[in-house]
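**Student:** Kindly generate the corresponding structure for this input.
(chains A and B)
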Amino acid sequence: MEVLSKGDIKTASHSPVLSKPLPAIYRWLGDRIFLTVAVTLGLSIIFLAGAMAWVLIDDGSMAFREFGIIGFLTGTTWDPGVNFTFGALPFIFGTVVTSVVALGLAFFPAVAVAIVIAEYAPRWLSKIIETLVHLIAAIPSVVVGIWGIFVFAPWMRETVYMPIYSWAAESHPSLLPILGNPIGYGMTTATIILALMIVPFTTALTRNAIHQVPKEQREAARALGATRWEVIRMAVLPYARGGILAGAILSLGRAVGETMAVAMLIGNKNTFPFSIMGPAATMPSVIINEFREAVGNLHLSSLMAIGLVLFVIAIIVNLIAAYITRKLSITGGQGI
Amino acid sequence: MKTLRQRNIRDYIMVSLLILSTVLVLTPLLIIIGYVVVNGIGAISMDFFTQELGSPARAMQGQPTGLIHTIIGTLVVDTIGVIIAIPIGVGAGIMLSEYPEHKLNPLLRVLNDTLNGMPAILKGLLAFALIVRPMGTFSGLAGGIALAFVMIPIIARATESALMTIPWSIREAGLAIGLPRWRVVLSTIVPAARIGLVTGFLIAFARAAGEAAPLMFTSFGNNYLPTHWTGMILGPVDTLPQRLYSLAISPYSEWHTMGWAAGIVLLVFVVALFAGAQLLTRKKAYNT
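**Tutor:** The predicted structure is shown next:
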């Protein structure tokens, strides 16, 4: 900015920059070197993305060769101890169920918070709420996890799971296998924590979408005599629906990849069938738990293959979100 | 046709629902922070910042243990990550915003967003395959590189949008007074966008500093201080998020207490970074 101050412009005709042209080598070579450096650094990102795909495919190929792609994806036994049989279905199932249910739990509250921030609250209050929501996003996953292990899971066991379990044991014993063991660490606990962790993400993206709705849109609805909620329902939300939907799908991607808090709370049980309250596992949680102590190449390769499945799911989720943003929104998606 | 009364009642119901949801979302936040602060402050002592962890027996016999090696390790690994991530991220951001005519830009943008959306654990697997396996050992270097993989896409994106906020007329003015293109970028555009750039660095750093997943099989963890300083870079290193996880899932109650202490240190560290980013954003909004 300094270069453009008023004095500079006035004296520009006397400045050395214009009186004698810069040496060609400084201009031409400088530009060349600068562009080359920038492009090299940019290419390293392209290389990273390629390397990630290559590493996962290359390392996972052994498991795919051994069990077949379909066989690996639909195999229900994960036995690194005795038979060395590996199937990914329990983890795929665990990931899909926990993240979809978590998104279902988180979606409406998150959109509600975004509406409160953008439409209802006075300026000072929406600043505070927004900062607090950012703060939730800032809490590291492991910190949420330690709270979950020592506070939330025991509390859930005492106040929710145990009463339901004893009620079922007395009056509907047939429900017990579906409910599972009420140890506190399990699918439901992990899903609730997961929902809490993706709320700030969904809220931020929804708020961005709502912010892009033109003011005239609201004014027109108000001029027709709409109540405040009707303005939101009829003028704001339909306009922002592309951004909100894309935000929800990106949040789903977040939930799919969320690792530490889930690994700490889901109970880590690698065998089907899962139950509602009982322990389960997800793709990231099994990688975290077993990669460090993987025995044998086949086990390692199977974990890498699970990483590849995770990679593919993450790509699909991101592509869908990008597609929706481009198709339905006006401005193109600038996420956070 | 609904009467006005019905519509107003509906309006009230929706407002209450919205406020209820907001309270529902914010309450767990306050509960979590409250628990971490209360339990963490009780567990912090002088030993926590001066002693190394050692074996579980040490904690159970009441000997002084702490996480000094973890704190140093975190600083080392985070610094390595930042040193690697900032040049790459900024370079890619400059390529995206200052050379919009470049043929690789659409591909770069798509792949950068894809990388940004990848779970952090996959970046750990990548660093494991690229660094740990060829080196033959878990190392702080590998951990730093894994964190760099987390930061690079965020920094590239933030740099691109920070540079884009500078109007094109400024670039044209620079070119018009005879500056070569690279001087225009380095002497006018980057300084003008510096607050946006630093905010991007801070947000990326805060995201990476709280990540445990990429570190589990790259820097691995270590109960002791390395005997020589090179051990921090070339050998297994402890970091706060990963140590917090190990402490929390350990069977020793003394270690659980220490986990809470590690939790508050990590929380303060990460929240301070975020607060810095927020303050800078506000300053920027005030200036323009």
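**Student:** Now A:Ala315: closest residue in space, sequence neighbours ignored.
**Tutor:** One thing to correct before we go on: residue A:315 is Ile, not Ala. The shortest distance from A:Ile315 to any non-neighbouring residue, by Cβ to Cβ, 6 or more residues apart in numbering or on different chains, is to B:Thr114 (6.2 Å). C-beta here means a position set from N, CA and C on the backbone, and glycine is covered the same way.
**Student:** SS state for that neighbour?
**Tutor:** Classification of B:Thr114 by DSSP: H, G, I helix; E, B strand; the rest coil places it in helix.
**Student:** give me phi/psi at the closest residue to A:Ile249 other than its chain neighbours?
**Tutor:** In this structure, A:Ile249 finds its nearest non-sequential neighbour in A:Ala321, 4.3 Å apart by Cβ to Cβ, 6+ apart. Dihedral angles of A:Ala321 (phi, psi; degrees, to the nearest 10) stand at phi -60, psi -40.
**Student:** pLDDT at A:Lys20, what is it?
**Tutor:** A:Lys20 is assigned a pLDDT of 62 by the prediction.
**Student:** Name the helix or strand for residue 199, please.
**Tutor:** Chain wasn't specified; assuming chain A. Counting by DSSP states H and E, the element that carries A:Val199 is helix A:187-211.
**Student:** that answer is for a different chain, and I need it for chain B
**Tutor:** Secondary structure from DSSP H and E places B:Thr199 in helix B:194-209.
**Student:** which parts of that helix are buried?
**Tutor:** B:195-209 (16 or more other Cβ atoms under 10 Å in any protein chain shown).
**Student:** Show me which of these is closest to B:Asp47.
**Tutor:** B:Ala209 (23.8 Å; Cβ to Cβ).
**Student:** follow-up on the earlier one: verify the contact between the residue nearest to A:Ile315 and A:Ala49 for me.
**Tutor:** Yes - contact criterion Cβ atoms under 8 Å: B:Thr114 and A:Ala49 qualify, at 6.0 Å.
**Student:** Name the nearest residue to the residue in the stretch 151-288 of chain B positioned nearest to chain A, sequence neighbours excluded.
**Tutor:** Taking Cβ to the nearest Cβ as the measure, the stretch 151-288 of chain B has B:Gly210 as its residue closest to chain A, at 2.9 Å. Closest residue to B:Gly210 apart from its sequence neighbours, by Cβ to Cβ, 6+ apart: A:Pro140 at 2.9 Å.
**Student:** Who are the contact partners of that neighbour?
**Tutor:** Residues near A:Pro140 by Cβ atoms under 8 Å, 6 or more residues apart in numbering or on different chains: B:Ala209, B:Gly210, B:Glu211, B:Ala212, B:Pro241, B:Leu266, B:Leu267, B:Val270.
**Student:** Just those: which are in helices?
**Tutor:** Among the contacts of A:Pro140, DSSP state H puts B:Ala209, B:Pro241, B:Leu266, B:Leu267, B:Val270 in helices.
**Student:** in the stretch 1-150 of chain B, which segments are predicted with low confidence?
**Tutor:** Confidence mapping of the stretch 1-150 of chain B against pLDDT under 70 gives the ranges B:1.
**Student:** how near is A:Val231 to chain B?
**Tutor:** 10 Å (Cβ to the nearest Cβ, to the nearest Å).
**Student:** Go ahead and confirm that residue touches A:Leu224.
**Tutor:** No - contact criterion Cβ under 8 Å: A:Val231 and A:Leu224 do not qualify, at 9.3 Å.
**Student:** quick one: which of these two has more around it?
**Tutor:** The residue with more neighbours, out of A:Val231 and A:Leu224, is A:Val231; 20 against 11, by other Cβ atoms under 10 Å in any protein chain shown.
**Student:** How about that one: what's its closest non-neighbour residue?
**Tutor:** Of all residues not flanking A:Val231 in the chain, A:Ala221 sits nearest, at 4.4 Å (Cβ to Cβ, 6+ apart).
**Student:** A:Ile266 now?
**Tutor:** A:Ala190 (4.0 Å).
**Student:** Wait, the one you found touches A:Met260, no?
**Tutor:** No - the pair A:Ala190 / A:Met260 is not scored as a contact, 11.2 Å apart, by Cβ under 8 Å.
**Student:** Could you pull up the residues touching B:Ile131?
**Tutor:** Here B:Ile131 is in contact with B:Ser139, B:Leu141, B:Ala142, B:Ile145, B:Thr218 (Cβ under 8 Å, 6+ apart).
**Student:** Packing partners of the helix or strand where the fourth one lies?
**Tutor:** It stands for B:Ile145. Using DSSP H and E, B:Ile145 sits in helix B:140-164. Here helix B:140-164 touches helix A:30-67, helix B:68-98, helix B:105-117, helix B:120-127, helix B:194-209, helix B:231-234, going by 3 or more Cβ pairs under 8 Å, 6 or more residues apart in numbering or on different chains; DSSP states H and E.
**Student:** Out of those, the one nearest A:Arg157 is which?
**Tutor:** Closest of the helices and strands packed on helix B:140-164 to A:Arg157 is helix B:120-127, at 27.7 Å (criterion: Cβ to Cβ).
**Student:** After that closest one, heading C-terminal, what element do we hit next?
**Tutor:** Following helix B:120-127 in sequence, per DSSP H and E, is helix B:133-135.
**Student:** can you tell me if that following helix touches chain A.
**Tutor:** No - with Cβ under 8 Å from any Cβ of the partner chain as the criterion, chain A is not reached by helix B:133-135; the gap is at least 9.5 Å.
**Student:** so where does A:Ile288 fall, helix or strand?
**Tutor:** Going by DSSP H and E, A:Ile288 is part of helix A:283-290.
**Student:** From chain B, how far out is the most centrally placed residue in chain A?
**Tutor:** With distances taken as Cα atoms, centre = their mean, the residue of chain A nearest its centroid is A:Arg254 (0.8 Å). A:Arg254 sits 8 Å away from chain B when distances are taken as Cβ to the nearest Cβ.
**Student:** Break chain B into its domains for me.
**Tutor:** B:4-43, B:49-287 (automatic domain parsing).
**Student:** my read: A:Ile313 touches A:Val256, true?
**Tutor:** Yes - taking contacts as Cβ under 8 Å, A:Ile313 lies within contact range of A:Val256: 5.8 Å.
**Student:** For the two, work out which one has more neighbours and name it.
**Tutor:** Between A:Ile313 and A:Val256, counted using other Cβ under 10 Å, A:Val256 has the larger neighbour count: 25 against 20.
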